[in-house]
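**Student:** The sequence and its predicted three-dimensional model are supplied below.
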Amino acid sequence: METTNAKPDDIPSKLRPLMAAFAASPFHVAPEREAEMARLRDKYGIRIQLKADAKDWLFEEFRIFELNRIFIGLRSLERLWAYCYAYTAITTELQKAGGEFSNIENHAEYQLAFNLLDWASQEKLEDREGEWPNTLPDPSHSDGLEHVKAANHFFLMTSGRLLLHEFAHTVLEHHTAQGTPPEILKREEFEADAWADAWMLDKWRDYKTDEKVFVGRCMGIAFAHAPTLIFGIEREAASESHPSPIQRIISFVDQHLPGGNPTDKRLVDLPCAFLLVLAGHLLFTKQKPFEWQPLPPTYKELFTRFEPYFP
């Protein structure tokens with residue numbers, strides 16, 4: 001990993017224990033394709049450059065002549081881990097409680113999850129009240145808090161998927177010129193999503209045939225949609241360069257998780273259920289009305305109901 005003005009060990013962040021694994025995450029999300037990934041990395045000279053002083057969300061591919069870089073903001077990674085912890089804790093506790101808030105078992109971590117989301121919602125560096133508070137969970141707390149180990153795992157799975165998406169722009173030789181028409185930029189975002197998802201899912205049985213491997217990778221992909229949903233609900237108009245978050249989710253579901261019924265409780269549908277919890281929580285926090293009933297027969301139809309809220 002290349003960094004700006006610092007080495008990873010010099011960066012004052014509680015993510016430091018995960019930085020080496022983060023740099024290797026595109027390999028680890030699909031270990032059966034490690035040799036293929038190494039060849040692509042070397043062919044295109046793709047490198048990651050961490051910017052500790054990036055003020056806004058930064059997760060972006062950059063190409064000029066033979067220089068291929070993916071710029072990542074340290075604050076973006078901190079927020080990404082916060083999302084992974086918070087939504088892992090919230091979803092797991094709700095699942096254990098059968099969806100009944102009164103039956104939540106681990107009230108302490110359930111509340112910590114919301115506190116961490118509040119801290120992560122400070123979008124710009126200058127809005128922050130300080131560094132990562134010691135009173136909130138971080139990756140080093142795996143022995144003391146129930147959901148940290150799972151959060152670390154999903155952080156690395158999600159990071160790998162996000163990096164693969166940026167790799168895809170380089171490998172597929174997508175447009176970088178200013179003035180590229182919006183319809184082309186949006187089409188290329190769908191293509192990069194599809195490339196990254198296929199990289200993780202096309203050969204998963206070469207690693208293990210246990211369905212949990214497939215579901216776990218789909219969960220990593222689902223977590224990768226969290227930032228687009230979180231930022232999308234605040235957007236007043238459609239982006240000129242990116243499709244709506246819901247359209248991107250529906251594209252993923254159509255391709256890899258078709259046919260699921262929201263009234264069923266199949267393991268393979270867990271990523272869809274997670275995304276519904278995330279979208280529903282965002283609407284609740286923004287006090288936006290939403291009609292869940294009657295439930296449609298497919299997840300695709302249910303996700304479509306969210307489109308007006310995520311332009």
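**Tutor:** Structure received. Residues are numbered from 1 along each chain as shown.

**Student:** Enumerate every residue touching the most centrally placed residue in the chain.
**Tutor:** With distances taken as Cα atoms, centre = their mean, A224 lies nearest the centre of the chain, 1.8 Å away. Going by Cβ atoms under 8 Å, 6 or more residues apart in numbering, A224 touches T158, R161, L162, H165. No exception for glycine: its C-beta is placed from N, CA and C like everyone else's.

**Student:** Give me the nearest residue to it, chain neighbours excluded.
**Tutor:** R161 (4.3 Å; Cβ to Cβ, 6 or more residues apart in numbering).

**Student:** do the same with D206
**Tutor:** Excluding the flanking residues, the one nearest D206 by Cβ to Cβ, 6+ apart is E32, at 4.1 Å.

**Student:** quick one: contacts for the residue nearest to A224?
**Tutor:** Going by Cβ under 8 Å, 6+ apart, the list of residues near R161 reads V29, A196, D197, M200, G220, I221, F223, A224.

**Student:** tell me the SS of it?
**Tutor:** The three-state label given to R161 by DSSP: H, G, I helix; E, B strand; the rest coil is helix.

**Student:** quick one: it from A222, how far?
**Tutor:** From R161 across to A222, the span is 9 Å (Cβ to Cβ, to the nearest Å).

**Student:** what separates the helix or strand where P271 lies from the chain centre, distance-wise?
**Tutor:** Following DSSP states H and E, one finds P271 within helix 270-285. Relative to its chain's centre, helix 270-285 lies at 13 Å (Cα atoms, centre = their mean, to the nearest Å).

**Student:** With stretch 20-31 instead?
**Tutor:** Distance of stretch 20-31 from its chain centroid, counting by Cα atoms, centre = their mean, is 15 Å.

**Student:** now swap in stretch 204-216 and tell me
**Tutor:** That offset, for stretch 204-216, works out to 20 Å (Cα atoms, centre = their mean).

**Student:** which residues are in contact with that stretch?
**Tutor:** Here stretch 204-216 makes contact (Cβ under 8 Å, 6+ apart) with A30, P31, E32, M157, L201, R217, L267, V268, L270, P271.
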